[in-house]
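Trainee: need a structure here:
(one chain, ligands or ions: 2)
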Amino acid sequence: MEFSIERLQKPVKFIINLIFPVYCLICKKQLSYQTNTYLCDACKQKLTLINGKVCNKCGRPFINGICGICREKQFCFSKARASGIYDGSVRKCIHLLKYKKKTYLLNTLFEVFLLPSSLDFLSCDLIVPVPLHWIREYSRGFNQAELIGKKISKRFNIPLSKTSLKRTRATPSQTGLSLKERTKNIKGAFSVRNSQKLNGKRILLVDDVMTTGATVNECSRVLLQAGAREILVYTLARGV
Ligand SMILES: [Zn+2]
Ligand SMILES: [Zn+2]
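Mentor: Ligands and ions are numbered 1, 2, ... in the order given. A predicted model of the protein is given here:
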């Protein structure tokens, strides 16, 4: 019989899980020995997905056309979409991922989350993750936006550039600020390197969470200024 690593993977995983049981990262319930994931079925079902009607521009759940915020604020990106609502279990998962380094949770999230087809991923030329300031990335050990970007890059075979956009200024936390305050806070925080790489490209800008849209908007502004043709935004989750 031919040797195959896939044939071995199942029993090996079974034995490893017997010795080191796996628990749901949210409710701590022990998971089955065959598990391939880090959330129990009940917690997976509590992840709030965005699968109804959304604002054509910013992707927040909205019944008809363009929402009031988008009508008032002229965002620089053409379209933003997210897979889940940033509250409850989704928020917990993203916190575990970012602050407790449970980066393997991304596989579980991508199993449950749908990638919004209206974003037309295949039409994008380049994926650019929203960068962290290097001090923050160094202390965290990774940039979550880049991890998300890599998943999409692999799935749709789109190149990813992590050096084109740079966060040149560390910004204070955006939590609790209004869109106007966030816009002011983030202004001038990003700059472009290798602008020839962006020239004429349709770019998929990727981040973990979009709240007011101030951060992705500022990134979009800088990328367009550097010659990008169009910016589409994908985030794992968005606030409403
Ligand atoms: Zn659970
Ligand atoms: Zn909107």
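Trainee: now do the strand or helix carrying Gly149: distance to the chain's middle.
Mentor: Element membership of Gly149, judged by DSSP states H and E, is helix 144-156. Offset of helix 144-156 from its chain centre (CA atoms, centre = their mean, to the nearest Å): 8 Å.
Trainee: and that helix, average pLDDT?
Mentor: The average pLDDT within helix 144-156 is 97.
Trainee: what stretches of the protein score poorly on pLDDT?
Mentor: By pLDDT under 70, the low-scoring segments of the chain are 1-9, 34.
Trainee: residue closest to the middle of it?
Mentor: Centroid-nearest residue in the chain, with CA atoms, centre = their mean: Asp208, separated by 3.2 Å.
Trainee: spell out which parts of the protein neighbour ligand 2.
Mentor: Residues of the chain lying close to ligand 2 (CB under 5 Å from the ion) are Cys55, Lys57, Cys58, Cys67, Cys70. Backbone N, C-alpha and C define where each C-beta goes, glycine included.
Trainee: which of the residues you listed tops the neighbour count?
Mentor: Most neighbours among the residues of the chain next to ligand 2, by other CB atoms under 10 Å: Cys58, with 25 neighbours.
Trainee: so Arg202 makes contact with Leu122?
Mentor: No: Arg202 is beyond contact range of Leu122, at 10.6 Å (criterion: CB atoms under 8 Å).
Trainee: comparing the two, which shows the higher neighbour count?
Mentor: Per other CB under 10 Å, whichever of Arg202 and Leu122 has more neighbours is Arg202, with 16 against 9.
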